[in-house]
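Participant: Dropping the sequence and predicted coords here.
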Amino acid sequence: MSTLQIGQLKCHEETDEAGSDDIYFVVGIGRRSISPKKAEVKVITSSNWLDLESGDPLRTRDVTIDPAFSTQDFYTITMVERDNRNDLVGTNLKVVKDTFASLWQTWGVNVNGLNDNQIFDHMRYDLNRVIGGAGNDELVGSTRLLNKPSPGKNTDMVFKGDGGKYQAWFKVV
């Protein structure tokens, strides 16, 4: 079994918030590789992603996103800049999990014949709304569909929003 990780994170430009940035990721996983198909949401944090400022050196640390990675599964990634504390806990996290599960059941399970991009097109707006509306934390750009990496071939994604620009490298080990 393979593991999906964020291997590196680079702050090109910190957000417009006062002070340095504290970053976390919200990962939605639509499982096709198991039966019954199900949805998961994870909040991924690392002490390595705290106090980020423009031009900081590349932050390298392997942070596991999914220890049961499968290329059959569907992954969304949202980068969030934390204010004071993580807002995606308790009731706010439940709303995000329930929303992702409902959207995945509708578009990823019940509707046949859609590819990942088409499924994501139906989910993006609602994911941005519930993740971005969970408190005073800010989205760094929009929720994104992960272009799946493969062993030895990393995928990088650029996140722009709220005045910030970050680049993250995803890998499979």
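Facilitator: Perfect, I can see it now. All of these numbers come straight from a predicted model, not from anything done at the bench.
Participant: Show me which helix or strand of the chain is least confident by mean pLDDT.
Facilitator: Least confident helix or strand, the chain: strand 138-139 with a mean of 89, by mean pLDDT, DSSP states H and E.
Participant: So which elements touch that one?
Facilitator: strand 74-81, helix 116-132 (3 or more Cβ pairs under 8 Å, 6 or more residues apart in numbering; DSSP states H and E). Using the backbone N, CA and C atoms, a C-beta is placed for each residue, glycine as well.
Participant: so which of the ones you listed gets nearest Gly19?
Facilitator: strand 74-81 (10.6 Å; Cβ to Cβ).
Participant: Check which residues of the closest one are buried.
Facilitator: Burial within strand 74-81, assessed by neighbour count using 16 or more other Cβ atoms under 10 Å, is assigned to 74-81.
Participant: Which member of those is positioned nearest Thr106?
Facilitator: Within the buried residues of strand 74-81, the smallest distance to Thr106 is 12.9 Å, found for Phe74 (Cβ to Cβ).
Participant: Give the burial count for Ala18, as a bare number.
Facilitator: Neighbour count for Ala18, taken as other Cβ atoms under 10 Å: 6.
Participant: Distance of Phe74 relative to Tyr24?
Facilitator: Note on Phe74: its distance to Tyr24, by Cβ to Cβ, to the nearest Å, is 21 Å.
Participant: before we move on, what about Asp137?
Facilitator: In terms of Cβ to Cβ, Asp137 sits 8 Å off from Tyr24.
Participant: of the two, who's got more company?
Facilitator: Taking other Cβ under 10 Å, Asp137 and Tyr24 do not tie; Asp137 has more neighbours (23 against 19).
Participant: If we ignore the residues flanking it in sequence, what's nearest the more buried one?
Facilitator: Distances taken as Cβ to Cβ, 6 or more residues apart in numbering place Asp87 nearest to Asp137, at 4.5 Å, with adjacent residues excluded.
Participant: OK, contacts around that neighbour?
Facilitator: Residues in contact with Asp87 (Cβ atoms under 8 Å, 6 or more residues apart in numbering) are 134-137.
Participant: Tell me how many other residues surround the nearest residue to Thr106 once chain neighbours are set aside.
Facilitator: By the measure of Cβ to Cβ, 6+ apart, the closest residue to Thr106 outside its immediate chain neighbours is His122, 7.6 Å from it. Applying other Cβ under 10 Å, we find 14 residues neighbouring His122.
Participant: Assess the claim that His122 and Gln105 are in contact.
Facilitator: No - using Cβ atoms under 8 Å as the test, His122 is too far from Gln105 to be in contact (11.8 Å).
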